[in-house]
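Student: everything below, folded, please.
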Amino acid sequence: MDKYFHSVRLDKDKCRGCTNCIKRCPTQAIRVRNGKARIIKERCIDCGECIRVCPHHAKYASRDSLEQLENYKYKIALPAPALYGQFHNLDDINIILNALPSLGFDAVFEVSKAAELVSEATRKYLEKNIADKPAISSACPAVVRLIRVCFPELIDNIILVNAPVEEAGRLARNKAVAKTGLKPEEIGVFFISPCPAKITSFKQPIGTEKSNIDGAIAINDIYPHLLKAMEKLQDHDEMMALHESGVIGIGWATSGGEASGTLKDNALAADGIENCMKILEEVDRGNLDGIDFIELNACQGGCVGGSLTAENPFIAKSRLMRLRKYNPVSCNHLLSDDIPDEMLCHTPIEPCDEVMKLADNVQEAMERMARMKALLKTFPGLDCGTCGAPGCKALAEDVVRGYTTEHDCVFRAREELQDMDNLDDTKKLERIIPAPFRETPGE
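Tutor: Next comes the predicted model:
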């Protein structure tokens with residue numbers, strides 16, 4: 001497997017080089033050169049923001065299909081609580097859970113069940129003061145990767161408790177092994193995912209050597225199949241009571257749900273990747289000393305706003321509020337006063353050093369930094385993105401890394417037009433065309 005696996009992919013045939021994505025990427029992981037976008041692997045955090053904003057649908061998420069269930073003798077569906085908010089006029093979550101087996105699954109295990117256990121484990125984690133304060137949730141893999149890339153000094157603030165989906169996968173597989181007698185590898189555990197970041201977290205996990213999840217099916221892929229299956233369930237009395245989670249578990253689907261589950265007054269929740277960046281900047285500056293716990297969701301509104309969902313996040317959130325109204329607070333609890341060892345992450349979370357490192361040795365890195373500063377003084381500071389980089393600083397970094405030249409700046413090119421009398425017309429024209437739209441021979 002590649003050092004950097006990513007579920008977010010680029011379809012070059014659809015890409016028009018419009019530069020919309022470069023301005024919205026939180027880690028400046030995208031460049032546009034020769035009329036096509038390029039994703040920088042070591043910077044990408046799979047937040048899916050580029051999928052959301054691309055007008056040409058050139059960004060997409062690699063995911064599994066229902067056909068891949070055939071690779072296993074026993075198949076388990078792990079529905080994310082965000083799935084419950086996708087359906088119009090749904091009055092009973094059991095309708096969804098009873099419809100899933102008709103799509104090829106042998107069993108269903110709610111992620112919201114595991115979320116309630118993780119909430120309780122988080123409360124115990126905070127009581128023990130294991131993480132630096134304010135403690136930051138590890139539930140959103142895009143946020144964890146954002147910290148590794150842009151805020152490595154905050155890694156010690158991350159709570160090292162399994163995300164609900166990982167805990168659900170572990171419990172579901174153990175239950176299936178005990179029930180069927182099959183080997184663990186003969187059992188396929190499939191998460192119904194609202195976002196690409198979670199898909200990446202299964203293929204290349206952080207905090208554990210191997211994920212408990214064997215595959216991920218996007219909510220917007222399974223939605224039409226599930227809708228047809230649900231329509232066939234006419235008589236509610238014939239359904240099994242599979243729904244076993246309460247307000248806290250379902251609440252994890254929306255921003256603030258996890259923070260509410262800590263039962264703390266000094267907890268904070270933020271959603272949307274830009275807001276997450278602002279909160280992390282405040283933590284980095286030491287401005288949130290009065291906060292014990294921070295819940296961050298890269299997607300607007302929480303998991304209901306994931307780029308692989310089928311419904312508007314605000315509508316989905318409203319439906320979830322209605323669905324959980326008559327549920328108990330929590331249906332699932334830990335069996336002991338201590339956090340089970342299986343729920344804790346035992347593999348250290350490492351920073352992405354390649355992102356910040358300008359060179360392999362200190363002297364060369366300092367020389368490149370000095371050149372970057374000198375280049376920045378010659379650029380206009382408008383961060384217009386016309387050069388194909390998200391801003392002037394990013395262009396200066398690309399230049400010193402040898403990826404491009406300072407001539408990609410159209411303002412620099414304009415100033416140089418007076419010195420082009422000795423060039424033929426073709427070369428003159430090529431120099432004044434903005435970098436994203438030039439055609440470079442051989443590329």
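Student: low-scoring stretches of the protein, by residue?
Tutor: Confidence mapping of the chain against pLDDT under 70 gives the ranges 1-2, 234-237, 414-443.
Student: domain assignment for it?
Tutor: Per the record's domain assignment (automatic domain parsing), the chain is made up of the domains 8-61, 66-343, 358-437.
Student: so can I have JSON lines of the ones you listed showing distance to residue 351 and mean neighbour count?
Tutor: In this view, the C-beta of every residue, glycine as well, is placed from N, C-alpha and C. Formatted as JSON lines, the entries for these read as follows, by distance: least, Cβ to Cβ, whole Å; neighbours: other Cβ atoms under 10 Å:
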{"stretch": "domain 8-61", "distance to residue 351": "11", "mean neighbour count": "19"}
{"stretch": "domain 66-343", "distance to residue 351": "3", "mean neighbour count": "20"}
{"stretch": "domain 358-437", "distance to residue 351": "15", "mean neighbour count": "15"}
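Student: kindly reformat the ones you listed as CSV containing distance to residue 350.
Tutor: Rendered in CSV, the data for the domains of the chain read as follows (distance: least, Cβ to Cβ, whole Å):
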stretch, distance to residue 350
domain 8-61, 13
domain 66-343, 7
domain 358-437, 18
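Student: nearest to residue 349, out of those?
Tutor: In terms of Cβ to Cβ, the element of these nearest to residue 349 is domain 66-343, at 5.3 Å.
Student: helices of the stretch 201-350 of the chain, residue ranges please.
Tutor: When secondary structure is read from DSSP state H, counting those that start in this stretch, the stretch 201-350 of the chain shows helices at 219-231, 247-251, 257-261, 273-285, 313-323.
Student: for residue 46, find the nearest of these.
Tutor: Evaluated over the helices of the stretch 201-350 of the chain, closeness to residue 46 peaks at helix 273-285, with 11.3 Å, by Cβ to Cβ.
Student: ok, now which ones touch residue 168?
Tutor: Residue 168 makes contact with 78, 109-111, 113-114, 191, 212, according to Cβ atoms under 8 Å, 6 or more residues apart in numbering.
Student: for it, which non-adjacent residue is spatially closest?
Tutor: Counting by Cβ to Cβ, 6 or more residues apart in numbering, the nearest residue to residue 168 once its immediate chain neighbours are dropped is residue 114, at 3.7 Å.
Student: before we move on, what about residue 256?
Tutor: The shortest distance from residue 256 to any residue that is not its chain neighbour, by Cβ to Cβ, 6+ apart, is 4.2 Å, and that residue is residue 269.
Student: now do residue 146
Tutor: Nearest-residue entry for residue 146: residue 45, 5.1 Å, with adjacent residues in sequence omitted and distances by Cβ to Cβ, 6+ apart.
Student: next, that neighbour: secondary structure please.
Tutor: Following DSSP: H, G, I helix; E, B strand; the rest coil, the label given to residue 45 is coil.
Student: the residue nearest to residue 256 pairs with what?
Tutor: Under DSSP bridges, the beta-bridge partners of residue 269 are residue 295.
Student: how near is it to residue 341?
Tutor: When distances are taken as Cβ to Cβ, to the nearest Å, residue 269 and residue 341 turn out to be 28 Å apart.
Student: what sits against residue 258?
Tutor: With contact taken as Cβ under 8 Å, 6+ apart, residue 258 is in contact with 115, 119, 122, 137, 139, 251-252, 269, 295.
Student: coming back round to it: export the helices of the stretch 201-350 of the chain as JSON lines, with columns for distance to residue 364.
Tutor: Formatted as JSON lines, the entries for those read as follows, by distance: least, Cβ to Cβ, whole Å:
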{"stretch": "helix 219-231", "distance to residue 364": "46"}
{"stretch": "helix 247-251", "distance to residue 364": "50"}
{"stretch": "helix 257-261", "distance to residue 364": "44"}
{"stretch": "helix 273-285", "distance to residue 364": "27"}
{"stretch": "helix 313-323", "distance to residue 364": "46"}
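Student: among those, which is nearest residue 396?
Tutor: Nearest to residue 396 among these is helix 273-285; the distance by Cβ to Cβ comes to 20.9 Å.
Student: over to residue 33: give its phi and psi.
Tutor: In this entry, residue 33 is assigned phi and psi values of phi -140, psi 140 (degrees, to the nearest 10).
Student: check residue 13 too.
Tutor: According to degrees, to the nearest 10, residue 13 has phi -70, psi -30.
Student: and it, how far from residue 289?
Tutor: The gap separating residue 13 from residue 289 is 51 Å, by Cβ to Cβ.
Student: against residue 85, how distant is the nearest residue to residue 193 once chain neighbours are set aside?
Tutor: If you skip the residues right next to it in sequence, residue 193 has residue 216 as its closest partner in space, 4.4 Å away by Cβ to Cβ, 6+ apart. To residue 85, residue 216 is 19 Å away according to Cβ to Cβ.
Student: surely residue 383 is within a strand?
Tutor: No. Read with three-state DSSP, residue 383 is coil and lies in no strand.
Student: if I read this right, it contacts residue 395, doesn't it?
Tutor: No. Using Cβ atoms under 8 Å as the test, residue 383 is too far from residue 395 to be in contact (9.3 Å).
Student: so the residue nearest to residue 193 touches residue 64, yeah?
Tutor: Yes. Under the criterion of Cβ under 8 Å, residue 216 lies in contact with residue 64, with a separation of 5.6 Å.
Student: what sits in contact with each of these two?
Tutor: When contacts are counted by Cβ under 8 Å, 6+ apart, the set common to residue 216 and residue 64 consists of residue 190.
Student: okay, among the contacts of residue 258, which ones form the most distant pair?
Tutor: The most widely separated members of the contacts of residue 258, counting by Cβ to Cβ, are 115 and 269 (14.6 Å).
Student: since that was my last question, I'll sign off now.
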